[in-house]
Every structure is written in C-alpha cells, then in structure tokens.
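Undergrad: below are the sequence and a predicted model for it; my questions follow.
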There are 2 protein chains.
Amino acid sequence: MGVLKLHGHPYSGATLRVLSVLHEKGLEFEFVPIDLATGEHKKEHFLSLNPFGQVPAFEDGEIKMFESRAITQYLAHAYADRGTELLFKETKKMAEMSVWAEVEAQKFDPPAFKVVFELILKPMIGGGAADEATVAEQQAALSKVLDVYEARLAGSSYLSGDSFGLADAHHQPLAAFDSRPYVSRWAADILSRPAWVNALAQQSNAP
Amino acid sequence: MGVLKLHGHPYSGATLRVLSVLHEKGLEFEFVPIDLATGEHKKEHFLSLNPFGQVPAFEDGEIKMFESRAITQYLAHAYADRGTELLFKETKKMAEMSVWAEVEAQKFDPPAFKVVFELILKPMIGGGAADEATVAEQQAALSKVLDVYEARLAGSSYLSGDSFGLADAHHQPLAAFDSRPYVSRWAADILSRPAWVNALAQQSNAP
C-alpha cells in the first residue's frame, strides 16, 4: 500500500462518503481539493483519474480508483485490520450486508439525491426554484423505501446487521431524520459517528 | 451451502443477470418462476423474500438474498472455486474491477434501462408509444458513457480487466452492438458466452 490521496470536494456527498470511511479506518491521507466552480473536474489532469469527470477520485500508491462505493469497498477490504471493522467475516452476515449496500445504491440514493438536488443544491447553484412535481414524485418513491427500512430497522440495529457496517456508511451523505421511529434512531446514530463528524469538518476548508 | 433457488422471471434483466452467473459457476439450482402478469411479486409469500416486491430473489439454504448484483457478488465469492473465476485475486486488479462494476450500476444501467423501457418494454406491456424526448435524452447520456467504454476497451479486453469478470457479466442484460468498434467487439464477446445463451434459453419456459 502506498500514500493515500483523495481528490474531491467536501460539498460532494460521494466525497464525504469516502472521507467518512477513511476516518472510520483511522487512515492517514492527503485531501486534494478539486475546484468544481472552475470546472477543474472536467480538465485533463482530473479526467486521467476519472474519465467521467466526477469527484471523488482516489489513489493508494499505484492503485487508482473512482466511484465512491468502489473506493469504500476497497478500503474496507484492503485495510480490514485497521480501525472500525466495516465487513462481516461470517458468510451469511456478509451476504445480508451486500443486499442492503445494493439497496442504498439502487433504491435509496436515486430518489433521495433528486429530492436534495431540487430543494437544496439547485437553488444553491443558481438553478432556480425546486420543481414541485419532481419533489413530490421522488418523495413518494423515497417514502416507500423508508417504509421497508423501518421494518428492517425494527428487527436489526443497523441496515448492515447487528453492528455498523459499510451499508450504513454508504447512507451517511443523504441520511436524514424522519418521522419513522426506527429510521430516525438509525439516522441519529450513524450521523453522530465521529468519523462522519470529521468528514463534515472538511467543509470548513472548502475552496 | 444448501439448495440453490432462484425466484424470478426470464424476461427480467435482473433475473437473467443472476441466471448467467449461476451458469458461469456451473451450479445446480432450482428456477422458481414468478408470474409478474398476475402480480405474484407483490404478494405476501414473495414479499417475504424481497420486501421491495421485485424479481429476482435467491436462496442458498438459510441464506436469503435479493438485489441481483448482491446475489452475483455472493455467488462469485462463495463459489470462488467453481466454474469461471469471476473475481481477481490480485488487489490492484480487484480494485479496478470494482470500479467498473460500480460504473455499470451508476452510469450505464440507468440510461440503458430507460432507453430499453421506452422502445421495447413500454409497447410490450401496452404502455403506448415511446416518449421521444426521453429516448433522445437517455440515448445522449448513454452515448457519453459508451465513449468512455470505448477508450477503456481499446486498452483492455474486458471492462473487468484482461479477462471476463463480474463487471462484464453485470452488463449482459443490456449490452448491445454499437458503432464503436471496441464496444461492439466486447458486446459480441460477452453475449456469445454459453452461460448467457443458457440464461436466455430460460425464456422459452416463461409463464
């Protein structure tokens, strides 16, 4: 393993996802800020790290990666013996966590991101007011997902299983308090983890 | 490990994704057809296997899973010594394949599925003609993704790396021939694999 470098922007949820896992694992790393406002992520030197031109990108010596969930999975495996154990050794538990990690990517993130984009990011970047029909449609989709989460979390402390794991960490950028008691307790738990609080602290150094 | 059961429908791309990997690994399994036309996937006995009410669902003895990509990942790890090796042992190669597996889920599948839905599935289920604006928008998004694929495949036989792997298998349900020479050669390669041809053969037994 070599020097760890995370290229990203602290207002990017995907960057925060990786930052949180780096802190959970207690790893030393260099944070390389990418200036999204000037389109640095679409310039050649960044495109050589991620041809899709999106933050974050990551380097561990000669290993170069992009896609936040691939990076966190790599970190959890390659540094299994460091910091918080984010995987399960038992096959059955690991299979269960993989299911909920996929649920985050396929079911939770698309509507949650669209709601946050319309209500928060769009006004912030001068894109005008939220499209109310889109917000209503995506909130309805998200609500159905959270009904399933409530049932899962009524019987299990975490989505991952009986302890915090990668599937929970992946939700941190878009997790929010909610009227559902178990979802609310879970969101409060994962958002109060020191690693997540540390990840957010990077925002005070935003370019 | 126990008796393998795949609950699904052979016209579902996600079901085909798992079928293909089961055939790659040379595993014996029982295929349990779920009648989507009568809404069997929204009834209690299926919801106990997947609370989101979507095919496929999977059982390996007491291990119960859903989300096609979580199932294929489980099969590739749990049956690593059977059939086609779909993972890499070397850390750097495995990290690279994880990136392209995430690219499939995050960048390729959303526009590719929307194009196929509008042009093929919507008319098939009596949903009327394709929405031309949606098709144009999603084809443009897909085209940008395939430009990146073309560059990757110019230097590597497969998206996964120098041999066929899980990241390639995940693309089979929506891979298609294309005017880009390397993408076209790759699509022809992965779609001619006996395991994929066997997966498609299940369609002749569709309910």
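TA: Alright, I've got the coordinates. Numbering: from 1, shown residues only, chains lettered A, B, ... in the order given.

Undergrad: so how many other residues sit close to the closest residue in space to A:His171 that isn't next to it in sequence?
TA: Once flanking residues are discounted, A:His171 sits nearest to A:Glu104: 5.5 Å by C-beta to C-beta, 6 or more residues apart in numbering or on different chains. Just so you know, the C-beta spots here come from the backbone N, C-alpha and C atoms, and that holds for glycine as well. By other C-beta atoms under 10 Å in any protein chain shown, the residues close to A:Glu104 number 22.

Undergrad: go through the biggest helix by length in chain A and flag the buried ones.
TA: Determined from DSSP state H, the single longest helix within chain A is helix A:132-154. Buried residues in helix A:132-154, counted by 16 or more other C-beta atoms under 10 Å in any protein chain shown: A:Gln138, A:Ala141, A:Leu142, A:Val145, A:Leu146, A:Val148, A:Tyr149, A:Glu150, A:Arg152, A:Leu153.

Undergrad: tell me the one of the residues you listed nearest chain B?
TA: Comparing the buried residues of helix A:132-154 against chain B with C-beta to the nearest C-beta picks out A:Val148 as the nearest, at 4.6 Å.

Undergrad: for that closest one, which residues are in contact?
TA: Counting by C-beta atoms under 8 Å, 6 or more residues apart in numbering or on different chains, A:Val148 makes contact with B:Pro51, B:Phe52.

Undergrad: so which bits of the helix or strand of chain A with the lowest mean pLDDT are buried?
TA: Across the helices and strands of chain A, mean confidence by mean pLDDT, DSSP states H and E is lowest for helix A:122-124: a mean of 88. When neighbours are counted by 16+ other C-beta under 10 Å, the buried residues of helix A:122-124 are found to be A:Lys122.

Undergrad: do stretch A:5-23 as well
TA: Within stretch A:5-23, the residues that qualify as buried are A:5-10, A:12-23, counting by 16+ other C-beta under 10 Å.

Undergrad: chain B next: which of those residues are close?
TA: Residues of those in contact with chain B (C-beta under 8 Å from any C-beta of the partner chain): none.

Undergrad: which of those residues fall within strands?
TA: Among these, the residues falling in strands (DSSP state E) are A:Lys5, A:Leu6, A:His7, A:Gly8.

Undergrad: adding pLDDT, write these out as JSON lines.
TA: JSON lines is the format used below for these (pLDDT from 0 to 100):
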{"residue": "A:Lys5", "pLDDT": "98"}
{"residue": "A:Leu6", "pLDDT": "98"}
{"residue": "A:His7", "pLDDT": "98"}
{"residue": "A:Gly8", "pLDDT": "97"}
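
Undergrad: counting by contacts, list what the least confident helix or strand of chain A packs against.
TA: Packed against helix A:122-124, as judged by 3 or more C-beta pairs under 8 Å, 6 or more residues apart in numbering or on different chains; DSSP states H and E, are no other helices or strands.

Undergrad: gap between that helix and the chain center?
TA: Relative to its parent chain, helix A:122-124 has a centroid offset of 20 Å by C-alpha atoms, centre = their mean, to the nearest Å.

Undergrad: and A:His45, how many neighbours does it have?
TA: Taking other C-beta under 10 Å as the criterion, the count of residues near A:His45 is 9.

Undergrad: so where's chain A uncertain?
TA: Counting by pLDDT under 70, chain A contains low-confidence residues at A:1, A:207.

Undergrad: now do 80
TA: For chain A, applying pLDDT under 80 flags the ranges A:1-2, A:205-207.

Undergrad: show me what from it comes close to chain B.
TA: With C-beta under 8 Å from any C-beta as the criterion, chain A comes near chain B at residues A:51-52, A:60, A:62-63, A:65-67, A:69-70, A:73-74, A:78, A:91-92, A:95-96, A:98-99, A:101-103, A:105-107, A:110, A:145, A:148, A:151-152.

Undergrad: which residues touch the one helix or strand A:Ala188 maps to?
TA: Using DSSP states H and E, the element containing A:Ala188 is helix A:181-191. The set of residues that contact helix A:181-191 without belonging to it, under C-beta under 8 Å, 6+ apart, is A:146, A:149-150, A:153-154, A:157-159, A:164, A:168-169, A:171-172, A:175-178, A:196.
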